[in-house]
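Visitor: Build me a model from this:
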Amino acid sequence: MGKIIAIANQKGGVGKTTTSVNLAASLGVLEKKVLLIDADPQANASSGLGIDVESVEIGTYQILEHSNIPREAIIATTSPNVDIIPAHIDLVAIEIELVDKENREYMLKQALAEIREEYDYILIDCAPSLGLLTLNALTAADSVVIPIQCEYFALEGLGKLLNTIKSVQKIHNPNLDIEGLLLTMYDSRLRLSNQVVEEVQKHFNDMVFKTIIQRNVKLSEAPSFGESIIGFDATSKGAANYLSLAEEIITKNSN
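Guide: The predicted model follows:
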């Protein structure tokens, strides 16, 4: 049965979408069958894998509304072994539309039940908020990866996210685990970066991935070409980092 992993942090700009796209591509290269679900109205994960967002007719919005089944929304990407359910700006409306629905937190979980057997990993790129979209992702997921940037306000808001995860565990999804905290945008030349790494490792020790994602220009350039870092420059530091993360996740889940 496929493992569903949400990539979540309500802070913007911490490397959520970068991680979603490049972890999916890295797992694909390591011969795992992957489905990436874009659950962010900005749809950056979709455009980052070469999808023309404007032309999306069936995507995450229709899946959450249950007006279409996931199979009708799945698009194969140019990344080996990676499929995507894309997003469109219309996803913005879903928070309002789901409010009155019964079991509104379970819409994504119910929709994915019929396809999770077909993939090794299903990754959900969450919106930078703790609204209904993220709640649906956390309720559907088996675990959550939390990207944390190696900058001054890194730990700000982390407590809020961990509290949200706790309440989801209590009310909607008792089996939700933390897959790991992922340190991103690390620059070894900066004392601050090193201090954040030490601080996070000291507080959360085993919960922190050994892999650290370093600042890398190629990682920023790849999305504008509609490619993952693996497709854009497989020899870059960014590609090596994300392949290492994928290996770490595979090893952790094969024990």
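Visitor: quick one: contacts of stretch 88-98?
Guide: Stretch 88-98 is contacted from outside by 39-41, 43, 53-54, 56, 59-61, 64-65, 104, 107, 131-133, 136, using CB atoms under 8 Å, 6 or more residues apart in numbering. The way it works is simple: take the backbone N, C-alpha and C, and place the C-beta from them, glycine included.
Visitor: In strands, which of these fall?
Guide: Among the contacts of stretch 88-98, the members falling in strands (DSSP state E) are Ala39.
Visitor: Buried ones only from the contacts of stretch 88-98, please, as a PyMOL command.
Guide: Burial among these is assessed by 16 or more other CB atoms under 10 Å; the matching PyMOL selection reads:
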select buried, resi 39+40+41+43+53+56+59+60+61+64+65+104+107+132+133+136
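Visitor: And the lowest-mean-pLDDT helix or strand in the chain, what's buried?
Guide: The weakest-scoring helix or strand in the chain, judged by mean pLDDT, DSSP states H and E, is helix 94-98 (a mean of 85). Of the residues in helix 94-98, those with enough neighbours to count as buried (16+ other CB under 10 Å) are 94-95, 98.
Visitor: Please apply the same query to stretch 122-135.
Guide: By 16+ other CB under 10 Å, the buried positions in stretch 122-135 come out as 122-130, 132-135.
Visitor: nearest to Gly226, of these?
Guide: Distance to Gly226 across these (CB to CB) is lowest for Asp125, with 15.5 Å.
Visitor: Parallel or antiparallel, which strands does the host helix or strand of that closest one pair with?
Guide: Per DSSP states H and E, Asp125 falls inside strand 121-126. Applying DSSP bridges, strand 121-126 is found paired with strand 3-7 (parallel), strand 34-39 (parallel).
Visitor: Select, out of these, the one closest to Leu182.
Guide: Nearest of the strands paired with strand 121-126 (CB to CB): strand 3-7, 8.5 Å.
Visitor: contacting residues for Glu105?
Guide: Residues counted as contacts of Glu105 (CB under 8 Å, 6+ apart) are 132, 135-136, 139, 172.
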